[in-house]
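Visitor: Any chance you can model this:
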Amino acid sequence: MQRLEERQLDYRTLARETLFQAMRDYTSLQHPKTRRRKYLQEAFESAVDLFFDPDFTLMSFEDGFGEDMTTEEFVRIATGFARADVEKLKTHLIETSLAFWDKKEMKTVEIPDTIVIEGHIYYVEHVSSPDVELDLDSKRIYLNRDAKDSENQERFVVAVMELTMHHQEVRLSAAKRKDIARAWFRTLRMNNCFTGV
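Guide: Below you'll find the model as predicted:
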């Protein structure tokens, strides 16, 4: 009887460690530069499938009937809970990954001397303050141009989005415009696929 309990404990420990590794892979391998090796790309894709593909099953783990285990069954075994709320786990993973990558300093965008926005030429002037000022009359963007700081890069993208919406006459609240610009910056930052000519 004790051997059976030990095997069950080993099985649960293996499932728990596999689950935690998949959670780490989902979070830490999101940026393309972190998965340059084939095995890291495969680990990331497996983690995405495990948590977000509704048809995904684990061939390495079987349920009590000899069938491949679903994600929900796997999470239940790994956590030891009678019910597994995979939707809460997905939400947790997304929030964790956003927090993880928000702390990283990464080169995302160049802050140029001038930028063309909807045919208008804007001059980007350096100021030491973290505040950004837009002067529509003189076509100036005043901001800290130190691009080693991700926050300055984000402020630049927010300013460009603000000016783009101004020239396109898009009417949104200031908070909503800022949210959209920040989401766009995170997209640029996490995908490393936006390059110029």
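
Visitor: Give me the below-cutoff pLDDT ranges for this structure.
Guide: Low-confidence segments of the chain (pLDDT under 70): 1-9, 60-66, 193-197.

Visitor: Do a quick rundown of the helices in it.
Guide: 2-28, 38-52, 71-79, 86-102, 150-168, 174-191 (DSSP state H).

Visitor: Now mean neighbour count and distance to I115 too, for those, in TSV please.
Guide: Any C-beta I mention is one placed from the backbone N, CA and C, and that applies to glycine too. Formatted as TSV, the helices of the chain follow (neighbours: other CB atoms under 10 Å; distance: least, CB to CB, whole Å):
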stretch	mean neighbour count	distance to I115
helix 2-28	14	33
helix 38-52	16	34
helix 71-79	20	45
helix 86-102	14	25
helix 150-168	18	6
helix 174-191	15	14
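
Visitor: is it possible to export those helices to a markdown table including distance to L143?
Guide: Shown next, in a markdown table, are these (distance: least, CB to CB, whole Å):
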| stretch | distance to L143 |
| --- | --- |
| helix 2-28 | 31 |
| helix 38-52 | 34 |
| helix 71-79 | 45 |
| helix 86-102 | 20 |
| helix 150-168 | 6 |
| helix 174-191 | 13 |
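
Visitor: Return the residue spatially closest to the residue nearest to the spatial centre of the chain, with its sequence-adjacent residues excluded.
Guide: In the chain, the residue lying closest to the centroid (CA atoms, centre = their mean) is L98, at 4.9 Å. In space, and not counting its chain neighbours, L98 is closest to R186: 7.5 Å by CB to CB, 6 or more residues apart in numbering.

Visitor: Who are the contact partners of the residue lying closest to E133 once chain neighbours are set aside?
Guide: Leaving aside its chain neighbours, E133 sits nearest to Y142 (4.2 Å; criterion: CB to CB, 6+ apart). Counting by CB atoms under 8 Å, 6 or more residues apart in numbering, Y142 makes contact with 125, 127, 132-135.

Visitor: for Y142, which residues make a bridge with it?
Guide: E125, E133 (DSSP bridges).

Visitor: What residue spans form the domains of this protein?
Guide: Per automatic domain parsing, the structural domains of the chain span 2-102, 114-191.
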